[in-house]
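*Asks:* Quick one: sequence and predicted model below, then my questions.
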Amino acid sequence: PTLLTSACACIAAIAKIRLGSNMKPLSPFMHGVLGLPMGFMLVFRWNNAYERWWGGRTELGLLLMHCKNLGGQFCTWVAPEDQQLATR
C-alpha cells in the first residue's frame, strides 16, 4: 500500500507540473472525504508499530532476565562454598 500511494503521489505531482493551471482544481469536500480514511489508516499503522516495539522490548527483557538467572546458577555451580560469589 505504501509503494502504491507513493507512486500515485508522484504521478499527481508530475501531472501538476506538466498541466500547470490547466488542471481541474479539487474541491475542499474531497479533502474531507479522503482525510478521514487516511487518518484511520495512519492511526492503525501507528498502533501496529507500537505493538511491535512493545513486543520486542518484552522479549529483550525476558532474554536479559534469563541471562542473569543463568549467570547466578553458573556462579553457584562453579563455587558452591564461596558465599560471596553465590549471592551476587
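*Replies:* Yep, it's here.
*Asks:* all contacts plus neighbour counts: C-alpha atoms, from now on.
*Replies:* OK.
*Asks:* got the CA positions of stretch 57-69 in CSV?
*Replies:* Extracted C-alpha coordinates of stretch 57-69, given in CSV (Å, rounded to 0.1, in the frame of the first residue of the first chain):
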residue,chain,number,x,y,z
ARG,A,57,11.0,-4.7,24.4
THR,A,58,9.3,-7.5,26.4
GLU,A,59,11.3,-10.2,24.6
LEU,A,60,14.6,-8.3,25.3
GLY,A,61,13.6,-8.0,29.0
LEU,A,62,13.0,-11.8,29.2
LEU,A,63,16.3,-12.5,27.5
LEU,A,64,18.1,-10.3,30.0
MET,A,65,16.3,-11.9,32.9
HIS,A,66,17.2,-15.4,31.7
CYS,A,67,20.9,-14.4,31.2
LYS,A,68,21.0,-13.1,34.8
ASN,A,69,19.5,-16.2,36.2
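*Asks:* ok, and for that stretch, which residues are buried?
*Replies:* Within stretch 57-69, no residue counts as buried by 16 or more other CA atoms under 10 Å.
*Asks:* Just checking the distance from that stretch to the centre of its chain.
*Replies:* From the chain centre to the centre of stretch 57-69 is a distance of 21 Å (CA atoms, centre = their mean, to the nearest Å).
*Asks:* Likewise for stretch 18-28?
*Replies:* 36 Å.
*Asks:* Give me the mean pLDDT for that stretch.
*Replies:* For stretch 18-28, mean pLDDT rounds to 74.
*Asks:* That stretch spans what distance, first to last residue?
*Replies:* The first and last residues of stretch 18-28 sit 23 Å apart, counting by CA to CA, to the nearest Å.
*Asks:* For P25, what is the enclosing helix or strand?
*Replies:* Assigned by DSSP states H and E, P25 belongs to neither a helix nor a strand.
*Asks:* go on, the one 5 residues further on?
*Replies:* In this structure, M30 is located in helix 28-78 according to DSSP H and E.
*Asks:* same deal with Q84?
*Replies:* Q84 belongs to helix 83-86 when assigned by DSSP H and E.
*Asks:* which other helices and strands contact the helix holding M30?
*Replies:* Contact here means 3 or more CA pairs under 8 Å, 6 or more residues apart in numbering; DSSP states H and E; on that basis helix 28-78 packs against helix 83-86.
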